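Asker: give me the fold of what follows.
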Amino acid sequence: MAGLNSEPGAGSQVKRISRYPGVQPFGDDEIQRRLFRGREEEKYELFQLVVAERLVLLFARSGIGKSSLINAGLLEPLREQGYFPMVVRVSGSGGSPLDCLYDGIRAAAEKTAEHGQIEYEPPESEWNKASLWHFFKTFELWKNDRLLSPVLVIDQFEELFTLHAVEQRKQLIHELADLVRGTRPRVGPDNIGPKLSDAPPEVKVVLTLREDFYANLEELRDRIPSIYKAPFRLKPLSRGQAARAIAEPAKLEGEHFATPPFSWSDETLEKVLDFLSEQRLGEGKTTVGKEVEPFQLQLICQHVEQTVRERKLEIVTPGDLGGADALK
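Answerer: Residues are numbered from 1 along each chain as shown. Predicted structure coming up:
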């Protein structure tokens with residue numbers, strides 16, 4: 001987990017975490033969800049969109065917080081409604097993008113099964129990999145006596161274009177198209193696999209993508225006409241959202257944090273927001289804007305928390321920031 005600090009405990013190492021993750025995205029656990037502030041509206045809107053649509057496209061500039069929104073904002077609400085979200089990528093195993101997807105699905109299922117939360121059928125040795133359509137027609141996830149609905153979240157989907165050759169991409173696009181369109185694929189002359197109905201598999205797909213790769217999705221549009229049907233563009237934080245993301249995590253109680261609760265003075269908060277939203281106009285001129293980059297916010301807050309820990313501060317004042325040079 002991001003921001004771990006070790007402090008000696010009674011005969012063991014007590015893991016304590018930073019209130020701000022810095023360069024790492026927020027994670028998928030109770031503490032990280034409590035720390036993830038300022039995106040309440042986006043959390044609700046994205047959840048509603050995923051529930052309503054079969055395919056959702058989440059895109060934003062790099063550093064805006066797509067992975068954090070997925071991990072700390074979307075996954076648990078989906079679970080609470082009977083879905084089983086699986087965050088996978090098309091990189092990591094050294095194989096084809098489809099191999100990477102199956103590896104991610106396996107990891108998600110095994111991780112949850114280890115904690116006794118779900119059971120999945122059939123076992124991996126009997127998985128039907130004739131196509132993604134066949135796989136999700138036969139793959140079942142159970143929690144107690146409740147059948148869960150899978151949500152396939154393909155994070156950093158731009159890796160399909162940066163890491164894989166055209167032929168490998170075509171294979172994934174072909175199978176993904178059948179899955180999201182709900183059309184039964186023709187796999188080989190005898191339609192490999194058990195006798196299954198033509199009803200579409202119960203699965204939703206979420207793609208997250210860096211905004212500068214948005215145009216690359218044209219490669220998918222012929223096979224997946226709905227690729228642009230349900231877009232969700234994540235924008236930078238507003239000043240109000242940024243203020244909550246800065247101030248609220250600092251107030252949380254809990255022995256798992258590396259620092260005791262502290263606060264930011266109003267003047268300090270305004271100075272940090274002004275710095276984060278500063279826009280250059282040219283010729284050495286600047287103005288205060290209305291948007292804040294989450295990545296830079298987390299880095300500055302992590303630096304301030306380190307100062308709080310070292311000086312045992314209860315409230316952060318402008319003098320504790322160290323000036324504009326220290327914030328850069």
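
Asker: strand partners (parallel or antiparallel) of the host helix or strand of residue 209?
Answerer: For residue 209, the enclosing helix or strand under DSSP states H and E is strand 204-210. Strand pairing for strand 204-210, using DSSP bridges, gives strand 55-60 (parallel), strand 146-154 (parallel).

Asker: highest mean neighbour count out of those?
Answerer: Among the strands paired with strand 204-210, strand 55-60 has the highest mean neighbour count (mean count of other CB atoms under 10 Å), at a mean of 22. Every C-beta, even on glycine, is put in place using the N, C-alpha and C of the backbone.

Asker: what does that strand rub up against?
Answerer: Counting by CB atoms under 8 Å, 6 or more residues apart in numbering, the neighbours of strand 55-60 from elsewhere in the structure are 46, 49-50, 66, 69-70, 180, 204-211, 214, 217, 224, 226-235.

Asker: buried subset of the residues you listed, written for PyMOL?
Answerer: The buried subset of these, as determined by 16 or more other CB atoms under 10 Å, is captured in PyMOL by this line:
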select buried, resi 46+49+50+66+69+70+180+204+205+206+207+208+209+210+217+224+227+230+232+234
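
Asker: need the helices for this protein, in chain order.
Answerer: Across the chain, reading from the start of the chain, the helices by DSSP state H fall at 30-35, 40-52, 66-68, 75-80, 97-114, 132-138, 159-163, 166-181, 218-221, 239-251, 266-276, 294-311, 323-327.

Asker: contacts for the fourth one, please.
Answerer: Residues lying outside helix 75-80 but in contact with it, judged by CB under 8 Å, 6+ apart, are 28, 33, 43, 47, 50, 84, 85, 87, 151, 153.

Asker: of those residues, which is the most crowded?
Answerer: Highest neighbour count within the contacts of helix 75-80: residue 153, with 27 neighbours (other CB atoms under 10 Å).

Asker: that one against residue 209, yeah?
Answerer: No. If you go by CB atoms under 8 Å, residue 153 and residue 209 don't touch, sitting 12.0 Å apart.

Asker: how far off centre is the strand holding residue 209?
Answerer: Between the mean C-alpha location of strand 204-210 and the chain-wide mean there is a distance of 10 Å, by CA atoms, centre = their mean, to the nearest Å.

Asker: could I get the average pLDDT for that strand?
Answerer: Predicted confidence along strand 204-210 averages 98 (mean pLDDT).
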